[in-house]
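In: Provided below are the primary sequence and the corresponding predicted coordinates.
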Amino acid sequence: MNVAILGAQWGDEGKGKIVDLLTPHFSLVARYQGGHNAGHTVYVHRAKFILRLIPAGILHPGITCVIGNGVVIDPQALFAEVDELARNGVDIDDRIVISDKAHLILPYHRDLDLLSEARRGERKIGTTSRGIGPAYEDKIARRGIRVCDLADPAGLEQNVRDNVTARNRLVQDSTMDWKPVLDQMLKHAERMKPWIRDVSVLLTDAMRDGKSILFEGAQGTLLDIDHGTYPYVTSSNASIGGVCTGLGVPPKAIGRVLGVVKAYTTRVGEGPFPTELSGAMGARLRESGSEYGAVTGRPRRCGWYDAVAVRYAARLNGLDGLALTKLDVLDGLETIRICTGYRAGSRTIANFPADTGQLAQCEPIYESISGWDAPTKGLRRFDQLPAAARKYIARLEEVSGVPAAIVSTGSERDDVLRIADFGLRIAD
């Protein structure tokens, strides 16, 4: 069975750990969208790995890791990640496959990203300024440069020259020379060549041969370009539809969908956040949960669990189960709150609104639940959890409308308890 793992909040939910945990049950792990603005953190025997482009399954020997056409690739960032893994003893060269249809991030995309944010002023999006958005803009405008274009030096030269010339007109006082950009891309082509394949054919053949695939998403549902808190979103489809468009597989290829959520809620960057905590409790969650961006180091905004948002993600993605992470961060709290609905003036809002202006006016409707004193960190059996923690998990299942399949109780690979087999026969 093929399984999709995606974020059911605003990203940073801990997808990397869950992908790493489940990888041994699959033959391939395939990333379907985003760029190196994503940061999937995995701890193995106290060693910390941050994966930005390469699927988190790379830490398991023998697993083929696929970067789909829905991903935008900065070759320099890719090579830096490959080299970093190699220095840490992870052999990857014969296990990476890159779609020939994936679009490339070039140096001018980073410049355009910075310019776009600067022009927005107070209405900035809060991007990572790594060129992700402009690369997707070029893709939609049909002037992007794809991985397969690296095999045609003459055509590549024309495209690079045209794009750099257009970029120089946009960026004031800019005199970027297209020739060094072209030379750089031709050098990148040599190193990338062994990894380039038609990913759709690769995955189709793998499924025909009975191999199972783990589909890995980046960011989260509420950052989806179509279904997130627009315009404070990423530039790709982080929700379930991105699997098909970003890898070239049909919907029936997706057997089950696992949504990853924190035991509370965070987001990075700008945009409305109904359950955000600005005082001491927000700071407590941030410090206890080490809520700082894996890629940028930016502090994350923290708040209580938002069941309205998770119900929305569950409906949109057809979630079969939840992977609940960072339960241990709530250890020691006397009272924990859960947002079960929104209120705007005299109106009660049951569904997640599309209008971010309306969402910004929403006040959370909370219910309180008792916390627990005994630590959950590192526990690996459900019956070891304090009764109050088990009650909290059960209530999150009820208000979210999705059963919990996995609960993470710490940062290490094995700090996890499985409370449902999710069809994979992995239950304790």
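Out: Here it is on my side, so go on.
In: Three-state assignment for the closest residue to Arg52 other than its chain neighbours, please.
Out: In this structure, Arg52 finds its nearest non-sequential neighbour in His36, 4.0 Å apart by C-beta to C-beta, 6 or more residues apart in numbering. Using the backbone N, CA and C atoms, a C-beta is placed for each residue, glycine as well. What DSSP: H, G, I helix; E, B strand; the rest coil gives for His36 is coil.
In: Mind naming the longest strand for this structure?
Out: Longest strand in the chain, counting residues (DSSP state E): strand 335-344.
In: Show me what counts as buried in the helix or strand just after that one.
Out: Toward the C-terminus, strand 335-344 is succeeded by strand 347-349 as the next helix or strand (DSSP states H and E). Under the neighbour-count criterion of 16 or more other C-beta atoms under 10 Å, strand 347-349 has Ile349 buried.
In: where does the stretch 201-350 of the chain have low pLDDT?
Out: Scanning the stretch 201-350 of the chain for pLDDT under 70 picks out the ranges 294-295.
In: how about the strands in it?
Out: 213-216, 256-262, 265-267, 301-303, 305-306, 321-325, 335-344, 347-349 (DSSP state E, counting those that start in this stretch).
In: Check the stretch 51-200 of the chain too.
Out: 64-67, 72-73, 96-99, 103-104, 196-197.
In: Which one of the ones you listed lies nearest to Gly133?
Out: Nearest to Gly133, of all these, is strand 72-73, at 9.3 Å by C-beta to C-beta.
In: starting at the chain centroid, how far to the closest one?
Out: Relative to its chain's centre, strand 72-73 lies at 14 Å (C-alpha atoms, centre = their mean, to the nearest Å).
In: try stretch 291-301
Out: 14 Å.
In: List of residues touching that stretch?
Out: Residues outside stretch 291-301 that contact it (C-beta atoms under 8 Å, 6 or more residues apart in numbering) are 12, 36-41, 50, 52, 128, 266-269, 273, 276, 282, 285-286, 302.
In: Which residue ranges of the stretch 251-400 of the chain form helices?
Out: Assigned by DSSP state H, counting those that start in this stretch, the stretch 251-400 of the chain shows helices spanning 280-288, 307-317, 356-361, 387-400.
In: So which of those helices is nearest Val3?
Out: Across those, Val3 has its closest neighbour in helix 307-317 (12.3 Å, C-beta to C-beta).
In: And the closest one, what does it pack against?
Out: Contacts defined by 3 or more C-beta pairs under 8 Å, 6 or more residues apart in numbering; DSSP states H and E place helix 307-317 against strand 256-262, strand 335-344, helix 387-400.
In: before we move on, back to that, most tightly surrounded among the strands of the stretch 201-350 of the chain?
Out: strand 213-216 (a mean of 29; mean count of other C-beta atoms under 10 Å).
In: Can you list the strands that that one pairs with?
Out: strand 3-7 (parallel), strand 28-31 (parallel) (DSSP bridges).
In: Quick check: which helices or strands does the helix or strand following the last one pack against?
Out: Per DSSP H and E, the first helix or strand lying C-terminal to strand 28-31 is strand 40-44. Here strand 40-44 is seen to pack against helix 15-22, strand 47-51 when contacts are counted using 3+ C-beta pairs under 8 Å, 6+ apart.
In: what would the strands paired with strand 213-216 look like in TSV with mean pLDDT?
Out: Formatted as TSV, these follow (pLDDT from 0 to 100):
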stretch	mean pLDDT
strand 3-7	98
strand 28-31	98
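In: Which of those strands sits closest to Arg110?
Out: Between the strands paired with strand 213-216, strand 28-31 lies closest to Arg110; by C-beta to C-beta that is 21.0 Å.
In: How about residues contacting that closest one?
Out: Here strand 28-31 makes contact (C-beta under 8 Å, 6+ apart) with 19, 23, 53-58, 63-68, 71, 199, 203, 206, 211-218, 247.
In: The nearest residue to Ser370 once chain neighbours are set aside and Arg87: what is the separation?
Out: Setting aside the residues directly before and after it, Ser370 is nearest to Ala388 in space (C-beta to C-beta, 6+ apart), at 5.2 Å. Noted for Ala388: a distance of 44 Å to Arg87, by C-beta to C-beta, to the nearest Å.
In: With neighbour numbers in mind, choose between the two.
Out: Taking neighbours as other C-beta atoms under 10 Å, Ala388 and Arg87 compare with Ala388 leading, 17 against 8.
In: check contacts around the more buried one.
Out: So Ala388 contacts Ile369, Ser370, Gly371, Trp372 (C-beta under 8 Å, 6+ apart).
In: rerun at 10 Å
Out: Ala388 sits next to Leu330, Leu333, Ile336, Ile369, Ser370, Gly371, Trp372, Asp373, Ala374 when contact means C-beta atoms under 10 Å, 6 or more residues apart in numbering.
In: Burial check on Ala307, number of neighbours?
Out: Neighbourhood size, Ala307 [other C-beta under 10 Å]: 25.
In: when you give positions from now on, start the count at 648
Out: Taking 648 as the first residue, the last one we looked at is Ala954.
In: So it sits against Gly988, correct?
Out: Yes: look at Ala954 against Gly988 with C-beta atoms under 10 Å: they come within range, at 8.1 Å.
In: Tell me the residues that contact both of the two, please.
Out: Counting by C-beta under 10 Å, 6+ apart, the residues touching both Ala954 and Gly988 are Pro1011, Ile1012, Glu1014, Val1046.
In: Give me the pLDDT for the third one.
Out: It refers to Glu1014. Listed pLDDT for Glu1014 reads 98.
In: tell me which residues form a beta bridge with it?
Out: Applying DSSP bridges, one finds that Glu1014 bridges with Ile985.
In: And the strands paired with strand 860-863: which comes nearest Val818?
Out: strand 675-678 (30.6 Å).
In: chain center to that closest one: distance?
Out: Taking the mean of its C-alpha atoms, strand 675-678 sits 13 Å from the chain's own mean (C-alpha atoms, centre = their mean).
In: try stretch 681-693
Out: Mean C-alpha position of stretch 681-693 versus that of the full chain (C-alpha atoms, centre = their mean) differs by 9 Å.
In: how long is it end to end?
Out: 27 Å (C-alpha to C-alpha, to the nearest Å).
In: quick one: buried residues of it?
Out: Gly681, Gly682, His683, Asn684, Ala685, Gly686, His687, Thr688, Val689, Tyr690.
In: Name all residues that make contact with the last one.
Out: The neighbourhood of Tyr690, defined by C-beta under 10 Å, 6+ apart, consists of Gly663, Lys664, Asp667, Phe696, Gly1057, Ser1058, Glu1059, Arg1060, Asp1061, Asp1062.
In: Fine, thanks again, bye for now.
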